[in-house]
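Colleague: got a predicted model here, sequence first, then my questions.
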There are 2 protein chains.
Amino acid sequence: MGEFELIERFFKTPAQAASESSTVALGIGDDCALLQPSPGMQIAVSTDMLVEGRHFFADVDPFALGHKALAVNLSDLAAMGAEPLGFTLALALPPERARDEAWLAAFSGGLLALSNAHHCPLIGGDTTAGPLNLCITVFGQLPVGQALRRDGAHAGDDIWVSGTLGDARLALGVLRGEWTLPPDVMAAARPRLERPTPRLALGVALRGMASACADVSDGLAGDLGHIVKASSVGAEIEASMGAHLTAAGAFASLAGGRFHSETLLQLALTGGDDYELVFTAPATARRAVQSAAERASTPVTRVGRIVEQPGLRLIDANGQPTPLEARAFDHFG
Amino acid sequence: MGEFELIERFFKTPAQAASESSTVALGIGDDCALLQPSPGMQIAVSTDMLVEGRHFFADVDPFALGHKALAVNLSDLAAMGAEPLGFTLALALPPERARDEAWLAAFSGGLLALSNAHHCPLIGGDTTAGPLNLCITVFGQLPVGQALRRDGAHAGDDIWVSGTLGDARLALGVLRGEWTLPPDVMAAARPRLERPTPRLALGVALRGMASACADVSDGLAGDLGHIVKASSVGAEIEASMGAHLTAAGAFASLAGGRFHSETLLQLALTGGDDYELVFTAPATARRAVQSAAERASTPVTRVGRIVEQPGLRLIDANGQPTPLEARAFDHFG
């Protein structure tokens, strides 16, 4: 199958879907796509490359892969407070994949389902023969000056996270053979790894309210670490929030208490692949943050505060350092 | 070397270079980059993925590879009449490349030299381990409604090409062992393959003048074919222009006439990798096109005309079909 036929059959967004978006002035089929941002808006851009064997297993469900490839990019838009405009897909396919119509149909099905759900059409791309590689670049827009950057956190700000953390890593551990989970627990954890939910509505709702924001792709410690470094501040996380931070806590109860709370905290801090948002906001904005989260139908939890002293620390309920600290920041596997 | 160190050392655009461009509101280091198009401008987007063994040889000069990876993307902006704003780079590197600082420095040197020459800063990216793969997405801007699309050619329009065609394919044939060239001829042809020149100034100069435009990445027949298909017209190319179309003609004279004019025409029609522009314009605009080309310091040649009858045809100086036709459109190798 040639490049044009492959795009035409599996990836071309229906003209109707593209024309619904007044921001896409020209979609697939010319030398460039054309985006027309609304007046007063900036364009947000992010790119992620996914490689077989590193970001996904060769036998991954192709529908889930299509979903995740776009979801991780949309998550970057969410972390900036941007609303999606469209995306490009560059795809290297080994010959056996390029011939596998069932695989291609399922992959594009997962990709385009999420694309449609967020009014984020495929506007261009490239296909080539080569080891399996997916590179998506996503475009969003947001009002000038309202981006949720990483460098705006101030000492005294609260630290918040959306949703739950650590679940994706819990599921990955099962797939890697590091531990086992009862089937019903794995059934709840696995979609968090394979079909993450980009928190786009929350990102938009936090415009003008959050002082800094990032998405949690590498684990809370790593991504909050980017915020404190960019903002030249430090952070204290309440260790007791560990069980609140992770749905793995609930899963673990279901699983008969086989995971120690310290392990769950580690999953949340260093697990990665959650695609939740970690953000900071002034303590005076607590009610506003809760309202924004409700408008976005996305639960948020306050887990600590920004301090002047650089670095990340775990503290107990009395604000004292905990002995967990050294172990908690160790990277899994 | 970790991802952040690799970007910091080899790819981070100096703050000064990024801040020179008022359109880049935020560069590398956050969840997204931010672009601020000028009022009344649209954003043009294109993406290309280059794979080792398919788009370049493993032993390619890394400086040339860096140049070409960006040049082929800038060529898409040129074909749209857009001026560059910035680009993202996603890079999968095998471990031996990630450790090869000389290779990385040369690759980024070629990339950033062209980036600087066109005020097109690196604004974001991704690096990962994996089989060598380069995916660049480039952003440009152009006034709303002035894009040089593929679908605007009309019967009676002239067909023009910039520069010369076929030279890249001539050099590729030597590297593939298909033929030989005297060293001085190869020295002239090889840069056309490895360091193509994106025709950005010409693209901008043709705004409001060309009725359709594409870049010549697959050979004139293929890319003019996209224009006539998108415009629902046909094209006649004057076969006698073959020698004018290709610097290979001059090279071949140097090489002692070893290439038949029919072969040169084939190189121009189907060779690919030239990254010149093919465009159409009303016959009334001939002087304006020549002026635009002079302003852009880019030679252009009129090679044929658009007709109503679909398809591509080769004609002789009297407008009659030539017996070359069937062979001339055969793809090389």
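Modeller: Perfect, thanks for sending it. Quick caveat: nothing in here was measured; it's all calculated off a predicted structure.
Colleague: the helices in the stretch 201-333 of chain A, which residues?
Modeller: A:220-231, A:242-245, A:247-254, A:261-270, A:286-295, A:325-328 (DSSP state H, counting those that start in this stretch).
Colleague: how many other residues sit next to A:Val185?
Modeller: 22 (other C-beta atoms under 10 Å in any protein chain shown). Every C-beta, even on glycine, is put in place using the N, C-alpha and C of the backbone.
Colleague: any idea which helix or strand carries it?
Modeller: In this structure, A:Val185 sits in helix A:183-194 according to DSSP states H and E.
Colleague: just how off-centre is that helix within its chain?
Modeller: Distance, stretch centre to chain centre, for helix A:183-194: 17 Å (C-alpha atoms, centre = their mean, to the nearest Å).
Colleague: what mean pLDDT does that helix get?
Modeller: For helix A:183-194, mean pLDDT is 87.
Colleague: before we move on, what about stretch A:88-95?
Modeller: 92.
Colleague: residues contacting the residue nearest the centre of chain A?
Modeller: Nearest to the geometric centre of chain A sits A:Tyr275, at 2.5 Å (C-alpha atoms, centre = their mean). If you count contacts by C-beta atoms under 8 Å, 6 or more residues apart in numbering or on different chains, A:Tyr275 has them with A:Ala71, A:Val72, A:Ser75, A:Ala168, A:Pro196, A:Thr197, A:Pro198, A:Arg199, A:Asp215, A:Val216, A:Ser217.
Colleague: likewise for A:Leu104?
Modeller: Counted by C-beta under 8 Å, 6+ apart, A:Leu104 has contacts A:Leu6, A:Arg9, A:Phe10, A:Pro62, A:Arg97, A:Ala98.
Colleague: now, which of the residues you listed lie within helices?
Modeller: Counting by DSSP state H, these place A:Leu6, A:Pro62, A:Arg97, A:Ala98 in helices.
Colleague: which of those residues has the most neighbours?
Modeller: Busiest of these [other C-beta under 10 Å] is A:Pro62, holding 21 neighbours.
Colleague: against chain B, how distant is that one?
Modeller: Distance of A:Pro62 to chain B, computed by C-beta to the nearest C-beta, to the nearest Å: 18 Å.
Colleague: same check on A:His226?
Modeller: Note on A:His226: its distance to chain B, by C-beta to the nearest C-beta, is 9 Å.
Colleague: got the contact list for that residue?
Modeller: So A:His226 contacts A:Arg150, A:Ala214 (C-beta under 8 Å, 6+ apart).
Colleague: gap between it and B:His154?
Modeller: Distance of A:His226 to B:His154, given as C-beta to C-beta, to the nearest Å: 53 Å.
Colleague: what residues does the stretch 101-250 of chain A have near chain B?
Modeller: Taking C-beta under 8 Å from any C-beta of the partner chain as the criterion, the stretch 101-250 of chain A approaches chain B at residues A:123-126, A:128-131, A:133, A:135, A:137, A:139-140, A:144, A:147, A:149-151, A:213-215, A:230.
Colleague: write the ChimeraX selection for whichever of those are buried.
Modeller: Buried members of those, defined by 16 or more other C-beta atoms under 10 Å in any protein chain shown, are picked up in ChimeraX with:
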select /A:123,124,125,126,128,130,131,133,135,137,139,140,147,149,150,151,213,214,215,230
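Colleague: could you tell me which of the residues of the stretch 101-250 of chain A next to chain B belong to strands?
Modeller: A:123-126, A:128-129, A:133, A:135, A:137, A:139-140, A:213-215 (DSSP state E).
Colleague: give me the low-pLDDT residue ranges for the stretch 101-250 of chain A?
Modeller: Within the stretch 101-250 of chain A, the segments meeting pLDDT under 70 span A:242-250.
Colleague: show me chain A divided up by domain.
Modeller: A:3-143, A:158-328 (automatic domain parsing).
Colleague: could you pull out the helices for the stretch 1-150 of chain A?
Modeller: Counting by DSSP H, counting those that start in this stretch, the helices of the stretch 1-150 of chain A are A:3-6, A:15-20, A:62-80, A:95-98, A:101-117.
Colleague: what is the fourth one packed up against?
Modeller: In this case it means helix A:95-98. If contacts are counted by 3 or more C-beta pairs under 8 Å, 6 or more residues apart in numbering or on different chains; DSSP states H and E, helix A:95-98 sits against helix A:101-117.
Colleague: please spell out which residues along the helix it packs on are buried.
Modeller: For helix A:101-117, by 16+ other C-beta under 10 Å, it's A:Trp103, A:Leu104, A:Ala106, A:Phe107, A:Ser108, A:Gly110, A:Leu111, A:Leu112, A:Leu114, A:Ser115.
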